[in-house]
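Chemist: Build the 3D model from these lines:
(chains A and B, ligands or ions: 1)
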Amino acid sequence: MYSEKVMDHFKNPRNMGEIEQPKGVGTVGNAKCGDIMRMYLDIDKDGVIRDAKFKTFGCGAAVATSSMATELVIGKTVQEALLVTNKAVMEALDGLPPVKVHCSLLAEEAIHAALWDYAKKEGIVIEGLKEPVEDIEEREMEDDL
Amino acid sequence: MREQIYLDNAATTRMAPEVFAAMQPYFMESYGNPSSIYAFAQKSGAAVERAREEVAALIGARADEIYFTGGGSEADNWAILGAAEANAKKGGHIITSCIEHHAVLHTCAYLEKRGHAVTYLDVDENGTVDLSQLKQAIRPDTALISIMAANNEIGTVQPIAEIGRIAREHGILFHTDAVQAYGHMPLNVEEMKIDLLSASAHKIYGPKGVGFLYIRKKTNLPSLIHGGAQERGKRAGTLNVPGIVGFGAAAKRAAERMEASWNQTKELRDYLIRRIESEIPFSVLNGHRTERLANNVHFCFRFIEGESMLMLLDEEGICASSGSACTSGSLDPSHVLLSIGRPHEIAHGSLRLTLSEETTRRELDVTVEALKKAVERLRAMSPLYEDYRKTNAQEEAYVQ
Ligand code: FES
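Modeler: Sure, this is the predicted structure:
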């Protein structure tokens, strides 16, 4: 049911772990299935993401999307990282089964939550970044419509 | 080739060779329709009747109380819809439990939409229904009590004989979904006062797509499938002759070895439970410790999620299942685990290992090692475990 890329990222997750004293960290949960994702970011003074790590309590797709999301944001500026949407993560993984689309939203939201934390700590405003919602079910419902 | 270890025998079993052999003549040689008049077809008819006797014998029923169906789900649907319809005048209230198979629960939900009242009995932490609650739930218009003999997820065996007695005392029909119990443990429709019983062949090393509903003599139960006069006019449709013959062979085989097979798997079951409990921290056994199917092992592992666990086990060639939402295509956690009081995030990390007669201790040893690795790996990845460790430095010392 999963693509080869999803299986690869599930079996060999990239950037799994924690960052000591991260510049930004965000945790998001999905009320729909109960899965949880945490993203750590290390960001240099030019606003470039130097490192990203994740921890995930969730299904195979959740693990794979977390892994892919970290790969996609590393090396990007904070502004560029905002363009790493769930669709971008899904495409990079050669797609997900329909029932697993919500898992990729978790990855997008985790990036946003970590960036929000970073902006708060730095006292800056990242243009286009909205405050993350505690649990992402609401947004998903809108997407479903 | 990598060895495969099949531990999902509650989902389905591998057909026994003697069952396969018994079925074979009924595909290409004796392929006649038992409803036909000529002698050739009567061979098929005779084989069906032999099978009927064999499946009936296993529950102490008469052959003419057995109605073959397309499986356990059809039998469940028929029993419940039929009892509700037959007793519509009386009111048609139904009592069932909250941990039934979906074939029962969804049928009850359908009836609720059509105006029937349904009471869902709670279960305790072990998954056992509460008999005093059952007695209290009985109303003048109660038409049916439907309680499964043994649970398909957590393996808990229900006090069927007591439930039957209560039902009989109140003159209420008693149906039991015995799909997981039939052929595995002794069931007797007389002693247990069962009026309707559903069973399925493929859980006892028989073929898929065939089951039966036992209907006690003189029970008024309208048909579910209308058409020809097969099954004494109660269940239309050309008989699945090879399937039914296979069911008979599987039942006969089960009768011969039930006790030995129960004891053998039970010993392995307890061995597996012991190893998991002592070697994997934060593991929680689900279901009753003793009143449970001999082949069922069901655990929740805290801080991890079921689908990931199954995928890692699959990598090692181990076929297992989980009550976990993600695998079933629905995202809700198992209704059974929630009913026995497991919180959402613990219910999420569930694993069901169901043994067969062929399962060996060595296979279980391999499984335990693979499971330890999988759990460890997923915990290392789990933000919940990270949080737990950070707030519980002391316990951490214990874990490591
Ligand atoms: S099923 Fe919930 S994150 Fe995948």
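
Chemist: Show the end-to-end separation of stretch A:43-53, please.
Modeler: 12 Å (CA to CA, to the nearest Å).

Chemist: what about the longest helix along chain B, distance to the chain center?
Modeler: Determined from DSSP state H, the single longest helix within chain B is helix B:241-279. Relative to its chain's centre, helix B:241-279 lies at 13 Å (CA atoms, centre = their mean, to the nearest Å).

Chemist: A:Asp94 and the ligand, how far apart?
Modeler: 17 Å (CB to the nearest ligand atom, to the nearest Å). Any C-beta I mention is one placed from the backbone N, CA and C, and that applies to glycine too.

Chemist: count of neighbours near that residue?
Modeler: The local packing of A:Asp94 (other CB atoms under 10 Å in any protein chain shown) involves 11 other residues.

Chemist: do A:Asp44 as well
Modeler: By other CB under 10 Å, the residues close to A:Asp44 number 11.

Chemist: one step back: now the helix or strand just after the longest helix of chain B: buried residues?
Modeler: The C-terminal neighbour of helix B:241-279 among helices and strands, as given by DSSP states H and E, is strand B:283-285. For strand B:283-285, the neighbour count (16 or more other CB atoms under 10 Å in any protein chain shown) marks B:283, B:285 as buried.

Chemist: Can you name the element that comes right after strand B:283-285?
Modeler: Next helix or strand after strand B:283-285 toward the C-terminus (DSSP H and E): strand B:296-301.

Chemist: Touching that following strand from outside, list them.
Modeler: B:10, B:153-155, B:269, B:272-273, B:276, B:280, B:282-287, B:309, B:323, B:337, B:342, B:346-347, B:349-355, B:375 (CB atoms under 8 Å, 6 or more residues apart in numbering or on different chains).

Chemist: out of those residues, who's near chain A?
Modeler: Filtering those for proximity to chain A by CB under 8 Å from any CB of the partner chain leaves nothing.

Chemist: Are any of those residues buried, and if so which?
Modeler: By neighbour count, with 16+ other CB under 10 Å, the contacts of strand B:296-301 hold B:10, B:153-155, B:269, B:272-273, B:276, B:280, B:282-283, B:285-287, B:309, B:323, B:337, B:342, B:346-347, B:349-355, B:375 as buried.

Chemist: Phi and psi next, for the one residue sitting closest to the centre of chain A.
Modeler: By CA atoms, centre = their mean, chain A has its centre lying nearest to A:Ala107, at 2.8 Å. With angles defined as degrees, to the nearest 10, A:Ala107 sits at phi -60, psi -50.

Chemist: Contacts only, for it.
Modeler: Applying CB under 8 Å, 6+ apart, the residues near A:Ala107 are A:37, A:62, A:65-66, A:68-69, A:86, A:89.

Chemist: same thing but at 10 Å, please
Modeler: A:28, A:37, A:39, A:54, A:56, A:61-62, A:64-70, A:72-73, A:84-86, A:88-90, A:93 (CB atoms under 10 Å, 6 or more residues apart in numbering or on different chains).

Chemist: Just the pLDDT at the spatially closest residue to B:Met148 that is not a sequence neighbour, thanks.
Modeler: Closest residue to B:Met148 apart from its sequence neighbours, by CB to CB, 6 or more residues apart in numbering or on different chains: B:Asp177 at 4.3 Å. In this model, B:Asp177 is scored at 98, pLDDT.

Chemist: Residues in a beta bridge with B:Asp177, which ones?
Modeler: B:Ser198 (DSSP bridges).

Chemist: pretty sure it is touching B:Val104, no?
Modeler: Yes. The criterion here is CB atoms under 10 Å, and B:Asp177 meets it with B:Val104 at 5.6 Å.

Chemist: Quickly list what's touching both of the two.
Modeler: Shared contacts of B:Asp177 and B:Val104, counting by CB under 10 Å, 6+ apart, come down to B:73, B:76, B:79-80, B:96, B:146-148, B:198.

Chemist: Counting neighbours, what do you get for B:Thr96?
Modeler: Residues near B:Thr96, counting by other CB under 10 Å, number 24.

Chemist: Could you look up the SS state of it?
Modeler: Secondary structure for B:Thr96, judged by DSSP: H, G, I helix; E, B strand; the rest coil, is strand.

Chemist: Pull the contacting residues for it.
Modeler: B:80, B:104-105, B:107-108, B:118-121, B:129, B:137, B:144-148, B:175, B:177.

Chemist: cutoff 7 Å now
Modeler: B:104, B:108, B:118, B:120, B:146-147 (CB atoms under 7 Å, 6 or more residues apart in numbering or on different chains).
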